[in-house]
Structures are given as structure tokens and as C-alpha cells.
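J.: Sequence and predicted model, in that order:
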Amino acid sequence: MSVTDIALIIFILLLLAYAIYDEFIMDKRQGKTQLRVNLQRRNKIDAVIFIGLLIILLYNNITAHGSLLTTYLLISLGLIAFYISFIRWPKMLFKPTGFFYANSFITYERIQAMNLSEDGILVIQLEQKKLLIRVNHLDDLENIYKLMVNYQ
């Protein structure tokens, strides 16, 4: 097993751990989920470039008669990257005491202000940064509003 194979295995395990956490574990943390909102997918071009580079590496490995293990690892990494980028939806989970955004938990007490831009982007001002939330369906903004009003 080469260093390349070991690095590929590490990246595959890290991406699998992230996908499992995002899909199954995050929903169970911090209490019952009150609202789940799908967000817009972003960075599609980055994912296409990454998968394209993996295809080039796979082609080079096959034409150079490289290791069969490396071929399988590259295919696995490409499939996981495709799942994370194009099948899985980024989401925002609202819990009784806060919400998950970008895989981090933010309590409701940290919210300083909330604004809605003209193009449907919810801006949540925290102590030191702003969260720009782009929902997939504009109806979800009303659900978020109702949940926030009920919290206060």
C-alpha cells in the first residue's frame, strides 16, 4: 500500500464521517428538531472541478497500469464527493434552544438582529459576524419567521 492509497483512505474516511454526521447524527443532537429547512446548494463549480480532477487521476492510474486498489479508492472518493455535492441538501435545523447552520450550533441568545434582503436572503447578525441564509424555497422564510416569533 502506497502513501497515496493511505492518503485516499484518510480522505474517504473523513468524507464518510462528515456525511454520516450531517445526515444522521446532527438531527439527534441538541433536542428534537422543530423545523428543517433546505438551503440552496453552493460551490457547484468547485465540486465539478474536484470530480474532474479525480477523473483525470483515475485515467492516469488506469493508463499507467497503476494499483487496482488506487483505482477503487479514486472511484470511491469521486462517488462520495458527488453525493456530498449534488445529492445531499445543505440544511438548517431549528432546535428548542438554537439552530444548526453550516454544521455548527448557534443559540438563539446570540442573535442580535435579523433582516430580510430584497432577493430573499435572511441575514442573521450575531455578535461578531453575519450569517447569510439562502433558503431553497421562499415559503421556508415564513416558517422560520413563525418559529422565531414563537421562541421570543
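T.: Arrived safely.

J.: what is Ile106 paired to in the beta sheet?
T.: Phe99 (DSSP bridges).

J.: From Ile124, how far off is it?
T.: Using Cβ to Cβ, to the nearest Å, we find Ile106 at a distance of 8 Å from Ile124. For every residue, glycine as well, the C-beta is placed using N, CA and C.

J.: out of these two, which sits in the more crowded spot?
T.: Neighbour totals were compared for Ile106 and Ile124, and Ile124 leads with 20 against 17 (other Cβ atoms under 10 Å).

J.: so that one bridges to which residues?
T.: Those that pair with Ile124 in a beta bridge, by DSSP bridges, are Met114, Leu131.

J.: before we move on, back to that, residues bridging contact with Ile106 and Ile124, i.e. touching both?
T.: Listed contacts common to Ile106 and Ile124 are Leu131; contacts here mean Cβ atoms under 8 Å, 6 or more residues apart in numbering.

J.: Can you report phi and psi for the most centrally placed residue in the chain?
T.: By Cα atoms, centre = their mean, the chain has its centre lying nearest to Pro90, at 4.6 Å. When read as degrees, to the nearest 10, the backbone of Pro90 gives phi -70, psi 140.
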